[in-house]
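>>> okay, here's the prediction I keep looking at, along with the sequence it came from:
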Amino acid sequence: MTDLETRMMDLGRRARAAAVALRDAPAAARTRALEVLAQKLTAAEAQILAANAQDVDAARANGMTEALIDRLALTPARVAGMAQAVATIAAVADPLGVETERWTPANGLDIARVRTPIGVLGVIYESRPNVTADAAALCIRSGNAAILRCGSDCLHSSLAIAGLIAQALDEAGLPADAVQLVDTPDRAAVGLMLTGLDGAIDVIIPRGGKSLVARVQAEARVAVLSHLEGLNHTYLHEAADLAVARAVVVNAKMRRVSVCGATETLLVDRAAAERLLPPVAADLIAAGCELRGDAEAVALVPAMIPATEADWTTEYLAPILAVRIVDDLDGAADHIARYGSGHTEAIITTDSDAAERFAARVDSAIVLINASTQFADGGEFGFGGEIGISTARLHARGPVGAEQLTTYKYVVRGQGHIRP
C-alpha cells in the first residue's frame, strides 16, 4: 500500500467514526458548530483572501480562463456571502429525527418513517473554494461526515477554510474529523475516493466540469449524486411580455455566465419572434453576449453568428447564447427533451394555461415560470445553500440541501405483536 493509500484509508476510518458521533450529537451542537463557523469565516476574511490570492495568481500563471477564475476568486463580498450562507444553514430546521409520515396498518403496528443521515459523503469539486464551506455546513446540519477533495487550483483557499471548520467543530464539542479535506493535489486521491475507501464512503458527490462528473459517474464503486452539465433553456412563448422577456433573459444568461444555472439556449415562438427577438437580442449584445442563431433567428438579427448542431449541446459557461426559433410550446418542449440535460428550464408568458402545460410537459429538475434560470440555487430555494443540483431521478432531484442529504428508516412500535 502506498503512502497516499494509507493516508486516504485513515481518512475514511476517521470519517466513519466521526459520522457515528455526529449522528448521535444533539441538534443544538450541530447548530452551534455552524454558528461558530459563520463567525470565524467573517473574522478570518483577510486570511482567507490572502490564501485565495495565491490560488488566483497560480491560476492566471497557468493560463486559466477569466470565466473559470471568476469561479475561483473570492472577494470581501463573497467571503461575507459564504459566512451568511453558513449562518442561514445554521437556522434551517434540523432534519434529523423528523417523522415524515406515521400510520397504523391493519396489523395494529405503529409505523413511522424517520429521517436519518446517509453516513459519510465524499465531495469532489473544482475551482470554487466556497464549496468547502457550503458542503461542510450542509453535511454538519444533516449529520453526515464529509471527506472533501477540492481542485488543486483552490487548495490554498480550501485549506484556510477547512482549518476554521475544524476549530468550529471542536468548539461545539463535535469531532473535528467530521469534516476532513484531502490536503494533496495528487489526482490519485480522487481514484481512491471513488473506490469508497474500503466501505467508508456511502455517497460520492461531484461538483465540477463535465469531464470530472463523467469520470466519477463511470468509475465510482459507490452511489453518485450529481449532474453532468447545465444545458438550460429559456423559452419565450408567443404571449410573453416584452419587458419581462428582456429583463429575465439578460439576467438568465449574463448575471453570472459561469454558473450551472445560466441559460445556454434561448427558444422563441415563431408567432412572436419578430416582436420579441430583436429587442431581446439587442439587450444581450449590449451586455457583451455573442449570439449564435438558426437561419430564422439570423434573418431577424443579422449580428448573430450562424449556429451549428454543436451549439445546441454546448454548456458554454461563457457570454455565448444559442438562439432557435420554434413552432410553438410543443416545439420548445421537444427541443429541450432532445438537447437538454434535465437541469433547469424557464418559460416567459402571460398565458397561465401555457405556463402550466410547459411545467407539466418539461421533465427537468427545475422548471421556472416568468423567472430567471439563475434562481437554480439552493440558497434561493430557502435551503441556506446547496451541495449541488441533482439531475438524478432517484433520491434527490434539484438543489440538494440538508434535508436532501438524509435518508430514512422505519421505526415500528408494537405491543407484543407476533405475526400469524
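Structure's in. What do you need?

>>> report the buried residues of stretch 101-116.
The neighbour-count criterion (16 or more other CB atoms under 10 Å) identifies 114-116 as the buried residues of stretch 101-116. (Glycine included, C-beta is placed from N, CA and C.)

>>> of those, closest to Phe381?
For those, the closest approach to Phe381 (CB to CB) belongs to Arg115, at 18.1 Å.

>>> look up phi and psi at the closest one.
The phi/psi pair for Arg115 (degrees, to the nearest 10) reads phi -70, psi 140.

>>> what does Val367 give?
Recorded main-chain torsions at Val367 are phi -130, psi 120, according to degrees, to the nearest 10.

>>> Val179 too?
phi -130, psi 110.

>>> nearest residue to it in space, please, no chain neighbours.
Leaving aside its sequence neighbours, Val179 sits nearest to Ala136 (CB to CB, 6 or more residues apart in numbering; 4.5 Å).

>>> look up how far Tyr125 lies from the one you found.
12 Å (CB to CB, to the nearest Å).

>>> more crowded one of these two?
More crowded of Ala136 and Tyr125, by other CB atoms under 10 Å: Ala136, with 30 against 24.

>>> for Ala214, see how far away that one is.
In terms of CB to CB, Ala136 sits 25 Å off from Ala214.

>>> please enumerate the helices of this structure.
Using DSSP state H, the helices of the chain run over residues 3-24, 27-43, 45-61, 66-72, 76-91, 130-142, 155-171, 188-194, 210-219, 242-254, 273-286, 295-300, 329-339, 352-361.

>>> and those, which is most packed in?
The highest mean neighbour count among these, using mean count of other CB atoms under 10 Å, belongs to helix 130-142: a mean of 29.

>>> okay, now Gln415: neighbour count?
7.

>>> return the residues in contact with it.
Residues near Gln415 by CB atoms under 8 Å, 6 or more residues apart in numbering: Gly108.

>>> go again using 10 Å as the cut-off
By CB atoms under 10 Å, 6 or more residues apart in numbering, Gln415 lies in contact with 108-110.

>>> still on that earlier bit, of the helices of the chain, which is nearest Ala318?
Taking CB to CB, helix 66-72 is the member of the helices of the chain nearest to Ala318, at 5.3 Å.

>>> that older thread, redo the buried residues of stretch 101-116 as a markdown table? Include distance to Leu148.
Listed next are these as a markdown table, based on distance: CB to CB, whole Å:
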| residue | distance to Leu148 |
| --- | --- |
| Val114 | 28 |
| Arg115 | 23 |
| Thr116 | 22 |
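
>>> nearest to Arg256 among the residues you listed?
Distance to Arg256 across these (CB to CB) is lowest for Arg115, with 32.7 Å.

>>> follow-up on the earlier one: which one of the helices of the chain lies nearest to Leu267?
helix 329-339 (4.6 Å).
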